[in-house]
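Student: what's the 3D shape of this:
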Amino acid sequence: MPKAIPTLIAEKPSYSRGPDGRYTFGVASFQTTIGDLKDQTLDMSTTAQTMGQKSDAPKAYLSAGTSFAEIDVVRQQELAFRKREEQSRQDEENTNLSKAYKIEKSRFEAEWAQRIEQVERECDEKERILKEVHEIARRAVEKEITKKIGSMRYKASSVLLGMEDTERKLARANEFKEAAEVASRCNKQRTFEQGEFERAKSIAGTRPRITCNEQQTTEMRNLVQRNHSVRMSVRREKDQAYTIFKQKYRNLEADLLHSHAIEYSLRPEIGPVQTHKTRSTQSSTFRGTLKYESLAGTKFDVPDVSRLEAIPDAALKFTPGEPLY
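Tutor: Numbering: from 1, shown residues only. Sure, this is the predicted structure:
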């Protein structure tokens, strides 16, 4: 009779390391075949020994040798099967790590795009507010200029008033020739003073505008430079975070490849078989599944109560005496 092959009581599929699982008893189907071949070899050998000098004894020994040689063939097949299963599991782990990278990268890009968009909105809002403040300041300056120019009046100087008085006196004294000369000088002096008055009015209206424009241009330039610094700073932070993010997955990939490289050289488990295996003792070889399930979740996950939809108002209404179902 072939020996009974021990089996696991319970094990989650995602926690398995393939059909063999590095157990001391190997793969059940191949171990059953090996047990049958051992029994067949033992039976043929015992039969040959009981035959003694009969002519069928050599044939029985040959059959026993053939069965015994097939045991090594089955063991090689079992080893090849275990390697194929282990390679398949390793490929799945690599695939899961790639899926985890794509998921986390998309979340990374979305998070930083939202942050950059928020920074852009804040910078645009600051510039808009400053433009409004500048527009209010320009209107206030224009009002002040209008008020100041409106209060300005032309006043003749004492020189011009004296010349006009001299002109009138000469005219009353019938000194018309001298009065004409004084009148000519009065016209020149009056033209000069009126020009100075117009220039003073122009300066009174132009200088506050120039000062206001220079001040507002400087403020806007400083704000634009600060906003550009903030924009470049958040983009540099994104580049640094992306560098750390890529290095993290490089480390995960290196850890996974290292654990896979030594997978075939690990000795099988010694002692009682773990019926409920955990990844805490062999997390490196399950690195892809661990990372992927931490991002995408598993079939055992339960939705967060805080993310459930609100209960309708009609469901909250209750009339005394009304059945609850």
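Student: Compute the distance between Lys105 and Ser233, please.
Tutor: Applying CB to CB, to the nearest Å, the value for Lys105 to Ser233 is 22 Å. (Glycine included, C-beta is placed from N, CA and C.)
Student: which one of those two has more residues nearby?
Tutor: Remark: of Lys105 and Ser233, Lys105 carries more neighbours, 14 against 11, as counted by other CB atoms under 10 Å.
Student: My guess is that one contacts Phe245. True?
Tutor: Yes. Counting by CB atoms under 8 Å, Lys105 touches Phe245, with 7.5 Å between them.
Student: Now do the shared contacts for these two.
Tutor: Residues within reach of Lys105 and of Phe245 at once, by CB atoms under 8 Å, 6 or more residues apart in numbering: there are none.
Student: so what's the residue nearest in space to the middle of the chain closest to, chain neighbours aside?
Tutor: In the chain, the residue lying closest to the centroid (CA atoms, centre = their mean) is Phe108, at 1.8 Å. With sequence-adjacent residues excluded and distances taken as CB to CB, 6 or more residues apart in numbering, Phe108 is closest to Phe245, at 5.9 Å.
Student: didn't that neighbour look like it was pressed against Ser106?
Tutor: No. Applying CB under 8 Å as the test, Phe245 and Ser106 come out as separate, 11.9 Å apart.
Student: Compare neighbour counts for those two and give me the winner.
Tutor: Phe245 (15 against 10).
Student: Let's verify that one: helix, strand, or coil?
Tutor: helix (DSSP: H, G, I helix; E, B strand; the rest coil).
Student: give me the element the residue nearest to the centre of the chain is part of.
Tutor: Per DSSP states H and E, Phe108 falls inside helix 57-151.
Student: can you give me the strands for the stretch 201-325 of the chain?
Tutor: Counting by DSSP state E, counting those that start in this stretch, the stretch 201-325 of the chain forms no strands at all.
Student: just to revisit the earlier point, list the contacts of the residue nearest to the centre of the chain.
Tutor: Here Phe108 is in contact with 241-242, 245 (criterion: CB under 8 Å, 6+ apart).
Student: Check the gap between the residue nearest to Phe108 and Glu198 for me.
Tutor: On the measure of CB to CB, Phe245 and Glu198 end up 69 Å apart.
Student: ok so, going back, name the residues contacting each of Phe245 and Ser106.
Tutor: Common neighbours of Phe245 and Ser106 (CB under 8 Å, 6+ apart) do not exist.
Student: And the pLDDT at Ser158?
Tutor: Note on Ser158: pLDDT of 78.
Student: how many neighbours does it have?
Tutor: Count around Ser158 with other CB under 10 Å applied: 7.
Student: go on, the one 10 residues further on?
Tutor: A count of neighbours around Arg168, defined by other CB under 10 Å, yields 13.
Student: Assign a three-state SS to it, would you?
Tutor: Arg168 is classified as helix under three-state DSSP.
Student: Would you state the predicted confidence (pLDDT) at it?
Tutor: Reading off the model, Arg168 has pLDDT 80.
Student: same deal with Leu257?
Tutor: Looking at Leu257, its pLDDT stands at 85.
Student: For Val74, see how far away it is.
Tutor: 31 Å.
Student: Any figure for the gap between the residue lying closest to Glu167 once chain neighbours are set aside and Arg168?
Tutor: Distances taken as CB to CB, 6+ apart put Val182 closest to Glu167, at 4.4 Å, once the chain neighbours are dropped. Noted for Val182: a distance of 9 Å to Arg168, by CB to CB.
Student: Lys148 too?
Tutor: 35 Å.
Student: can you check Ile149 too?
Tutor: From Ile149 to Arg168 the distance is 32 Å (CB to CB).
Student: Check Asn213 too.
Tutor: For Asn213, the distance to Arg168 - CB to CB - is 48 Å.
Student: One more: Phe68?
Tutor: Phe68 is 152 Å from Arg168, by CB to CB.
Student: Equivalent analysis for His260, please.
Tutor: In terms of CB to CB, His260 sits 118 Å off from Arg168.
Student: pLDDT at the residue nearest to the centre of the chain, what is it?
Tutor: Phe108 is given a pLDDT of 92.
Student: What separation is there between it and Tyr101?
Tutor: Distance from Phe108 to Tyr101, by CB to CB: 10 Å.
Student: just Ile145 next, same as before
Tutor: For Ile145, the distance to Tyr101 equals 65 Å [CB to CB].
Student: In terms of neighbours, single out the busier of these two.
Tutor: Between Ile145 and Tyr101, counted using other CB under 10 Å, the more crowded position is Tyr101 (21 against 18).
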